[in-house]
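Engineer: Based on what follows, work out the 3D shape:
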Amino acid sequence: MLYPYYFNPSSLFFCDLMESKVGNQEHYNQGLPFAILALLSISVVMTVFFIWFSNHSGWSKSKKLFTSISGGISAFLTAFIFTKYHDEFILAASVIGFFPVTFVALDILKDSSKQAPVLGLISLFLLGYYNLTFYLNLFEFSWPILQKLCISLSLIWINIVSFNKQKPRRCE
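Structural biologist: Below you'll find the model as predicted:
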């Protein structure tokens, strides 16, 4: 694997792992299948999260359906960022995902006891901040680190929320 020599996580993006050639462009990227598999895994987790979260909320049926579908579509679109339409898929996922992410954030604020509110709000705030700085071309030096931080914190938070909601409640 050539990543220790050619991939610097502090200056390159997650999608840079999906280049077919690495380094001096003579070497085939042996990590490409693993990078795509990781991307698909993240997309599936995010899709399932939006569906699961909305089904476990106290929302109306139409809001649950809207959040499940739009959140799922947004997460699904991220699976295609390794194609030549990378920017278009990221933009579409960001626009479509705005409302479901907002609904989740508002629900966290409303019912913070079960949803790890601090980590969730930090994750969602950083995700919003990253998207704003990216589309406004501000603080470009911070994008690679912010991207990895957003992905990591979001996945950790999703797991915490899932475990908290799955815990059996004790009668006292």
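Engineer: contacts, neighbours, all on C-alpha from now
Structural biologist: Will do.
Engineer: after the helix or strand hosting residue 130, next one along is what?
Structural biologist: Assigned by DSSP states H and E, residue 130 belongs to helix 117-135. Next in sequence after helix 117-135, counting helices and strands by DSSP H and E, comes helix 143-166.
Engineer: Distance check, the residue sitting nearest the centre point of the chain against residue 38.
Structural biologist: By C-alpha atoms, centre = their mean, the mean C-alpha position of the chain lies nearest to residue 151, the distance being 5.2 Å. As judged by C-alpha to C-alpha, to the nearest Å, residue 151 and residue 38 stand 12 Å apart.
Engineer: Repeat that for residue 109.
Structural biologist: Relative to residue 38, residue 109 is positioned 30 Å away (criterion: C-alpha to C-alpha).
Engineer: Who has more neighbours out of these two?
Structural biologist: Higher neighbour count among residue 109 and residue 38: residue 109, with 16 against 13, using other C-alpha atoms under 10 Å.
Engineer: Is residue 78 in contact with residue 91, as I believe?
Structural biologist: No: assessed by C-alpha atoms under 8 Å, residue 78 is found out of contact with residue 91, at 9.6 Å.
Engineer: residues in contact with the nearest residue to residue 64 once chain neighbours are set aside?
Structural biologist: Excluding its sequence neighbours, the residue lying closest to residue 64 (C-alpha to C-alpha, 6 or more residues apart in numbering) is residue 54, at 5.0 Å. Contact criterion C-alpha atoms under 8 Å, 6 or more residues apart in numbering gives 63-65, 67-68 as the residues in contact with residue 54.
Engineer: 7 Å - rerun?
Structural biologist: Neighbour list for residue 54: 64, 67-68 [criterion: C-alpha atoms under 7 Å, 6 or more residues apart in numbering].
Engineer: lowest confidence element among the helices and strands of the chain?
Structural biologist: Using mean pLDDT, DSSP states H and E, helix 3-6 stands out as the lowest-scoring helix or strand of the chain, at a mean of 53.
Engineer: Which secondary structure element is home to residue 39?
Structural biologist: Assigned by DSSP H and E, residue 39 belongs to helix 32-55.
Engineer: What are the contacting residues of the helix holding residue 130?
Structural biologist: Contact partners of helix 117-135, identified using C-alpha under 7 Å, 6+ apart, comprise 105, 108-109, 139, 143, 146, 150, 153-154, 157.
Engineer: Out of these, flag the one nearest to residue 26.
Structural biologist: Nearest to residue 26 out of the contacts of helix 117-135 is residue 143 (C-alpha to C-alpha; 27.4 Å).
Engineer: quick one, what contacts the closest one?
Structural biologist: Counting by C-alpha under 7 Å, 6+ apart, residue 143 has contacts residue 130.
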